[in-house]
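K.L.:
All I have is the shape, not the residue letters:
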């Protein structure tokens, strides 16, 4: 190891000073990203015992809620590009959590389903996720979690109002 690299390892961690975020302190995009980073770090840790990443958890949840959903519909709903989604499904299938079947109505399309093991893992993941959500709710205070979920759903246009 180079001398400079060794000396860096032996240094005490640098104490951070307060940073003025300027206009970013009120930027919706910036605050959303910072909140996402903070909450995803906790979610990653929460799902680690199941060896699931947040995106994989999302896929399992949506397949569980939408049995025999079209692969293309699910990737679009989650905003995951096709090549990335195929790779993720390959991983989930290799673990025995999901299966793909050719659609009876459109042979060019795959339908997705959970296996028995996938349902078991999803059940446990939902229990862990519930504890994670409760942790967020405690930090946000009375109705804070519901309010932010409502506002974010509106911003993400998940439940558009006519």
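P.N.:
Everything's here; your move. Quick caveat, the model's predicted, so the values are computed rather than measured. Numbers count the residues shown, from 1 in each chain.
K.L.:
Let me see the confidence value for residue 162.
P.N.:
Per-residue pLDDT puts residue 162 at 44.
K.L.:
One more: residue 84?
P.N.:
Residue 84 is given a pLDDT of 94.
K.L.:
what about it, how many residues close to it?
P.N.:
12 (other Cβ atoms under 10 Å). Where you see a C-beta, it was placed from the backbone N, CA and C, and this is true even at glycine.
K.L.:
What separation do you get for it and residue 146?
P.N.:
31 Å (Cβ to Cβ, to the nearest Å).
K.L.:
contacting residues around the residue nearest to residue 75 when sequence neighbours are not counted?
P.N.:
Counting by Cβ to Cβ, 6 or more residues apart in numbering, residue 85 is the residue found nearest to residue 75 once chain neighbours are left out, at 3.9 Å. By Cβ atoms under 8 Å, 6 or more residues apart in numbering, the residues touching residue 85 are 71, 74, 75, 78.
K.L.:
got a pLDDT number for the second one?
P.N.:
At residue 74 the predicted local distance difference test score is 94.
K.L.:
circling back: any chance of the contacts of residue 85 in a markdown table with distance to residue 54, neighbour count and secondary structure as columns?
P.N.:
Listed next are the contacts of residue 85 as a markdown table, based on distance: Cβ to Cβ, whole Å; neighbours: other Cβ atoms under 10 Å; DSSP: H, G, I helix; E, B strand; the rest coil:
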| residue | distance to residue 54 | neighbour count | secondary structure |
| --- | --- | --- | --- |
| 71 | 19 | 19 | helix |
| 74 | 15 | 20 | helix |
| 75 | 16 | 20 | helix |
| 78 | 11 | 15 | helix |
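K.L.:
For the longest helix belonging to the chain, which residues meet the burial criterion?
P.N.:
The helix that spans the most residues within the chain, counting by DSSP state H, is helix 116-140. Buried residues in helix 116-140, counted by 16 or more other Cβ atoms under 10 Å: 118, 121, 122, 125, 128, 129, 132, 136, 137.
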